[in-house]
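J.: Would you be able to build a 3D model of this:
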Amino acid sequence: MKFQIVSKDPGCSARAGRIELARGHIDTPVFMPVGTAGSVKSISPEELESLGVQIILGNTYHLYLRPGDERIARLGGLHKFMGWDYPILTDSGGFQVFSLARINKIEEEGVLFQSHIDGSRHLITPESAIGIQKNLGSDIMMCFDECTPYPISYEYASESVQRTIRWSLRSKEASAGSDQALFAIVQGGVFKDLREMCLEKLAETGFDGYAIGSLSVGESKEQMLEVMNWLAPKLPDSAPRYVMGVGAPEDLVEGVRAGVDMFDCVMPTRNARNGTLFTSRGAVHIKNSGYAEDSGPLDPDCGCYTCRRFSRAYLRHLYMCRELLSYRLNTIHNLHYYLDLMAQVRAAIAAGRFEQWRAGFYARREMQIV
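T.: Reported below is the predicted structural model:
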């Protein structure tokens, strides 16, 4: 993996760059759609490509359980298995330490998971998490870590950070000999001294990229932004900076302003399936009865397939009938919105006008869809 900073905005920490990988390049700042089980829900790889998606995510834990990483390896790796020819980033399973906390047990060796599918037990260690990701053949692997919830005591957060540092070192040792990039994850909750200590130790070891974990896990929006704004500029300047699981449009804009290069979140695809659509003028809840006879496009400023071809009335009809086409058209629009948002961000940084663009972004959201 090679990373190059192409331009920086003079008014803040925003920066645009380029990540070079064997399967293609990634223009940053970038939003990465989530394909938990080897599929970005309701949309095909061909449609992702047509939208301009350059990288997607796969979920190590879920693919390990079903269909199994060894099976995927025998079938030629995750790219071939899912018909996606471009880069893939795989998480380590650390988020499931948080999301499945009620049915797992954390030990120094790793995490003993109880499968949410059949109740079987599985010990995932830093070494096995890397082994799974090697079998999947992803372009970017993540170190195994503990994603902690909010609130959490300082004492436990400190203990958890030390464990994450040890697990990161074991992850790096396990990745030796692989040509896959490896990113470390900075933990520490809302405690600045723990975040700083974790980053210092990880940077001493050296990784291909650095992520901020354990955000959007119950803390307030203000706390999330405070951690991101304070920590992101401290991540190594020469490596990609990644904020995991943070995905509201305004959060992406603020993350870019703080110097973040990479984002992922299920928000655009999950909200699409739930009838919440992102537009240049704020969110539209398509089930609202006011759209029942609305012949206008979802977003008059959007050029996606959904907005070019269909009315709000039709999109509401599909959603109210639970037609499968609703999920597809809504997902196409939401992903287009996110990708176009990042394209606008990159252009604004290149022109040295990010702060002006940001002001316009918020001003447009005050307008009403008419």
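
J.: Now do the strands in the stretch 201-350 of the chain.
T.: 209-212, 241-243, 262-264, 276-279, 282-285 (DSSP state E, counting those that start in this stretch).

J.: Can you pull the phi and psi angles for L123?
T.: With angles defined as degrees, to the nearest 10, L123 sits at phi -90, psi 120.

J.: Report the buried residues of stretch 42-60.
T.: 42-43, 45, 47-48, 51, 53-60 (16 or more other Cβ atoms under 10 Å). The way it works is simple: take the backbone N, C-alpha and C, and place the C-beta from them, glycine included.

J.: Same list, the residues you listed, but as JSON lines with distance to D340 and pLDDT please.
T.: Shown next, in JSON lines, are the buried residues of stretch 42-60 (distance: Cβ to Cβ, whole Å; pLDDT from 0 to 100):
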{"residue": "S42", "distance to D340": "19", "pLDDT": "97"}
{"residue": "I43", "distance to D340": "16", "pLDDT": "97"}
{"residue": "P45", "distance to D340": "20", "pLDDT": "98"}
{"residue": "E47", "distance to D340": "15", "pLDDT": "98"}
{"residue": "L48", "distance to D340": "14", "pLDDT": "98"}
{"residue": "L51", "distance to D340": "9", "pLDDT": "98"}
{"residue": "V53", "distance to D340": "12", "pLDDT": "98"}
{"residue": "Q54", "distance to D340": "14", "pLDDT": "98"}
{"residue": "I55", "distance to D340": "16", "pLDDT": "98"}
{"residue": "I56", "distance to D340": "17", "pLDDT": "98"}
{"residue": "L57", "distance to D340": "20", "pLDDT": "97"}
{"residue": "G58", "distance to D340": "24", "pLDDT": "97"}
{"residue": "N59", "distance to D340": "26", "pLDDT": "94"}
{"residue": "T60", "distance to D340": "29", "pLDDT": "95"}
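
J.: List the ones among these that fall in strands.
T.: Among the buried residues of stretch 42-60, the ones falling in strands (DSSP state E) are 56-58.

J.: hey, where'd the helices end up in the stretch 101-250 of the chain?
T.: Per DSSP state H, counting those that start in this stretch, the stretch 101-250 of the chain carries helices over the ranges 126-136, 154-174, 192-205, 221-231, 249-258.

J.: G352: which of the ones you listed is closest?
T.: Set against G352 and scored by Cβ to Cβ, these come closest in helix 249-258, at 13.8 Å.

J.: Now do that closest one and helix 221-231, the angle between them.
T.: Orientation check (axes from the mean of the first three to the mean of the last three Cα atoms, to 10 degrees): helix 249-258 against helix 221-231 gives 20 degrees.

J.: what's the spacing between helix 249-258 and its chain's center?
T.: In terms of Cα atoms, centre = their mean, to the nearest Å, the centre of helix 249-258 is set 13 Å apart from its chain centre.

J.: What residues of that helix count as buried?
T.: 249, 251-258.

J.: Closest to E200 out of the residues you listed?
T.: Out of these, the member with the shortest distance to E200 (by Cβ to Cβ) is A258, at 18.9 Å.

J.: Show me the shaky parts of the chain.
T.: Within the chain, the set of residues satisfying pLDDT under 70 comprises 368-370.

J.: Longest helix of it, counting residues only.
T.: Assignment by DSSP state H gives helix 324-350 as the longest helix of the chain.

J.: how big is the angle separating that helix from helix 249-258?
T.: 20 degrees.

J.: Buried residues in the next helix or strand along the chain from helix 324-350, which are they?
T.: Downstream of helix 324-350, the first helix or strand assigned by DSSP states H and E is helix 354-365. Neighbour-count burial for helix 354-365 flags 354, 357-358, 361 (criterion: 16+ other Cβ under 10 Å).

J.: swap in stretch 82-102?
T.: Residues 82, 84, 86-98, 100 are the ones in stretch 82-102 that count as buried (16+ other Cβ under 10 Å).

J.: Of all pairs in those residues, which one is the farthest apart?
T.: Y86 and L100 (29.3 Å).

J.: Next one: the closest residue to N330 other than its chain neighbours relative to D139, how far apart?
T.: Ranked by Cβ to Cβ, 6 or more residues apart in numbering and with sequence neighbours excluded, the top spatial neighbour of N330 is A272, at 3.7 Å. Using Cβ to Cβ, to the nearest Å, A272 is found at 26 Å from D139.

J.: More neighbours: which of the two?
T.: More neighbours surround A272 than the other of A272 and D139, with 28 against 22 (other Cβ atoms under 10 Å).

J.: just checking, the more buried one touches Y338?
T.: No. With contact defined as Cβ atoms under 8 Å, A272 does not count as touching Y338 (10.6 Å).

J.: Just list the residues touching the residue most central in space within the chain, thanks.
T.: Residue closest to the mean C-alpha point of the chain, counted by Cα atoms, centre = their mean, is D264 at 1.3 Å. With Cβ atoms under 8 Å, 6 or more residues apart in numbering as the criterion, the residues that contact D264 are 31-34, 57, 89, 242, 244-245, 247.

J.: now it, nearest residue through space, not along the chain?
T.: Among residues not flanking D264 along the chain, M32 sits closest, at 4.3 Å (Cβ to Cβ, 6+ apart).

J.: Now for the one you found, how many residues are close by?
T.: M32 has 23 neighbouring residues, counting by other Cβ under 10 Å.

J.: How about N135?
T.: Look at N135: counted by other Cβ under 10 Å, it has 20 neighbours.

J.: residues in contact with it?
T.: Going by Cβ under 8 Å, 6+ apart, N135 touches 69-70, 72-73, 77.

J.: what's the closest of these to S214?
T.: When those are compared against S214 (criterion: Cβ to Cβ), the nearest one is D69, at 25.0 Å.

J.: Name the nearest residue to the closest one, ignoring sequence neighbours.
T.: In space, D69 is closest to N135, 3.9 Å off (Cβ to Cβ, 6+ apart).
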